[in-house]
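# Any chance you can model this:
(one chain, ligands or ions: 1)
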Amino acid sequence: MLLKARKMKPPKITFARDDDPTPRKSVVGVRKVDANDVVTGTITSPTIQGYWTHWWNDRTVPHIVGEKLCKPCLKFIPMRWAGFIHLVGSGGGKGVFIELTQTARDRLLACTSKEEPLRGTIVSVSREGRRLRSPLVFQVLGRHHADEKLIRSPDILPTLERLWGLAESA
Ligand SMILES: [Zn+2]
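Predicted coordinates:
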């Protein structure tokens, strides 16, 4: 029996090569920008990802479309838009998401280039007048060097599921 096993041909092996794997479904933190914060990093997001939400029972809940009825809508709670960009600092790592209001979105788009992609823009994010509840302000500091590898923007859905409490109920 042993002799027979030795004579068997080894199986042909093909390594599954992939130089750019799909990022794992990891939860990336949403960075709160405090009054005296200055968050600097490179935007990895190709676009701002926006969602409709409601402020309901002292928290943000997503506006649901599809099979389920949206409970806050039935109670005439107004919708609020929330947008997200992903930033990675010079130190690397998995970076952070920054939540944008509509005002913040307009400001970001007003100060970034129309000709060049959003991804690769280096920005600093802070609060207007260093006040906690004031809108975010952005300063474009430059562009990511094309020859340096910039990480792929992570999928925001696992983060939103956690943030909006959908992970437990789903
Ligand atoms: Zn709704």
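# For the ion, see how far away residue 102 is.
The gap separating residue 102 from the ion is 17 Å, by Cβ to the ion, to the nearest Å. C-beta: built from backbone N, CA, C; applies to glycine.
# my guess is that residue meets residue 81, correct?
Yes: Residue 102 lies in contact with residue 81 (Cβ atoms under 8 Å); the separation is 5.1 Å.
# So what's the residue count around residue 154?
Residue 154 has 21 neighbouring residues, counting by other Cβ atoms under 10 Å.
# would it count as being in a helix?
No: read with DSSP: H, G, I helix; E, B strand; the rest coil, residue 154 is coil and lies in no helix.
# quick one: it and residue 45 touch, right?
No: using Cβ under 8 Å, residue 154 makes no contact with residue 45, being 9.3 Å away.
# any common contacting residues for these two?
The contact sets of residue 154 and residue 45 overlap at residue 86 (Cβ atoms under 8 Å, 6 or more residues apart in numbering).
# Contacts only, for residue 126.
33, 37, 38, 39, 136, 137, 139.
# go again using 10 Å as the cut-off
33-40, 134, 136-139 (Cβ atoms under 10 Å, 6 or more residues apart in numbering).
# Good, we can wrap up now.
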